[in-house]
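Participant: this one's sequence-less:
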């Protein structure tokens, strides 16, 4: 397990994101922006390198946060089948420069082979494309092939009641592909997955540091939960509901115990 640093706030890009986001229309929760900032800061602190990818870019709002954490030696692949990708390129080029690779086509036409030497080198992948179960399965298959050993896949609209097929598709994928991915967190409209061998590091970060990191970014209305043992679920949850002003809530039988 990685040794955890005391604080990731000094690596935060949240203020810069807030300054730039007004120029980009889109849908990205303030809480998710802070959470991404904390997770990406964790990656950068612990030497987790790799490229980034987003499926379903619209005009680049969520990709803006990822882009701000991209290193000079890394690249960002952005896939969208609509002409909005042209707006995203205009919005993100001042940050990404030549590191941005814009693909205007359906994600099912993109293969790991078509990305050349970028394969298996992605540390941050966000799926927000076509919201059908079939498309989500396809996007998960692609992203799993591209994911590095220590990277993260983020699935949008997880547990959104408008799109129940997304949650169903994820659980089907996990059931049919044991030992490939582990969900370590869900909440604020998204699910977060990693390789099982590295997911433990993300769970320890969540348990030990995430609450403080969110508070430092101005997010105070939340509770981080782990209400089941690992044999039932590997994932933490996070939501706005508070339990007696607790940052963390564990098992119903012992709220102070969070199985990691």
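Facilitator: Thanks, I have it. Keep in mind that this is a model prediction, so the values were computed, not measured.
Participant: which of the helices or strands spans the residue nearest the centre of the chain?
Facilitator: By Cα atoms, centre = their mean, the chain has its centre lying nearest to residue 154, at 3.5 Å. Following DSSP states H and E, one finds residue 154 within strand 147-156.
Participant: what do you get for residue 167?
Facilitator: Using DSSP H and E, residue 167 falls within helix 164-176.
Participant: and the closest residue to residue 138 other than its chain neighbours, which of the three is it?
Facilitator: Nearest residue to residue 138, sequence neighbours excluded (Cβ to Cβ, 6 or more residues apart in numbering): residue 108, at 5.1 Å. Quick note: C-beta positions are derived from backbone N, CA and C, even for glycine. Secondary structure, DSSP: H, G, I helix; E, B strand; the rest coil: residue 108 is helix.
Participant: check residue 108 and give its pLDDT.
Facilitator: Looking at residue 108, its pLDDT reads 92.
Participant: run a quick neighbour tally on residue 134.
Facilitator: Other residues lying near residue 134 total 11 when counted by other Cβ atoms under 10 Å.
Participant: which residue, other than its chain neighbours, is closest to it?
Facilitator: In space, and not counting its chain neighbours, residue 134 is closest to residue 169: 7.8 Å by Cβ to Cβ, 6+ apart.
Participant: I'd say residue 183 and residue 193 touch.
Facilitator: Yes: assessed by Cβ atoms under 8 Å, residue 183 is found in contact with residue 193 at 5.1 Å.
Participant: against residue 122, how distant is residue 191?
Facilitator: As defined by Cβ to Cβ, to the nearest Å, residue 191 lies at a distance of 17 Å from residue 122.
Participant: neighbour-wise, which of the two wins?
Facilitator: Each of residue 191 and residue 122 has its neighbours counted (other Cβ under 10 Å); residue 122 has more, 25 against 22.
Participant: partners of the more buried one in the sheet?
Facilitator: Counting by DSSP bridges, residue 122 forms beta bridges with residue 51, residue 147.
Participant: tell me if I'm right that it and residue 49 touch.
Facilitator: No: checked against Cβ under 8 Å, the pair residue 122 and residue 49 is beyond contact range at 10.5 Å.
Participant: confidence score at residue 6?
Facilitator: So, for residue 6, pLDDT stands at 55.
Participant: next one: the one 5 residues further on
Facilitator: Predicted confidence (pLDDT) at residue 11: the value is 83.
Participant: look up how far residue 63 lies from the nearest residue to it once chain neighbours are set aside.
Facilitator: Here the nearest residue to residue 11 in space, its sequence neighbours aside, is residue 41; by Cβ to Cβ, 6+ apart that works out to 3.9 Å. To residue 63, residue 41 is 17 Å away according to Cβ to Cβ.
Participant: can you report how many residues neighbour residue 19?
Facilitator: The burial count for residue 19: 9, using other Cβ under 10 Å.
Participant: what about residue 152, how many residues nearby?
Facilitator: Residues within reach of residue 152, counting by other Cβ under 10 Å, total 27.
Participant: hang on, it packs against residue 123?
Facilitator: Yes: here residue 152 lies in contact with residue 123, judged by Cβ under 8 Å, at a distance of 7.0 Å.
Participant: what is in contact with the two at once?
Facilitator: Shared contacts of residue 152 and residue 123 (Cβ atoms under 8 Å, 6 or more residues apart in numbering): residue 43.
Participant: what is the rounded mean pLDDT of the longest helix anywhere in the chain?
Facilitator: Counting residues, the longest helix found in the chain (DSSP state H) is helix 30-45. Averaging pLDDT along helix 30-45 yields 97.
Participant: contacting residues around that helix?
Facilitator: Contacts to helix 30-45, defined as Cβ under 8 Å, 6+ apart, come from residues 5, 8-9, 11-14, 17-18, 21, 48, 62, 65-66, 69, 71, 123-124, 150, 152, 154, 188-190, 192, 202, 205, 209-210, 213-214, 217-219, 222, 238, 240.
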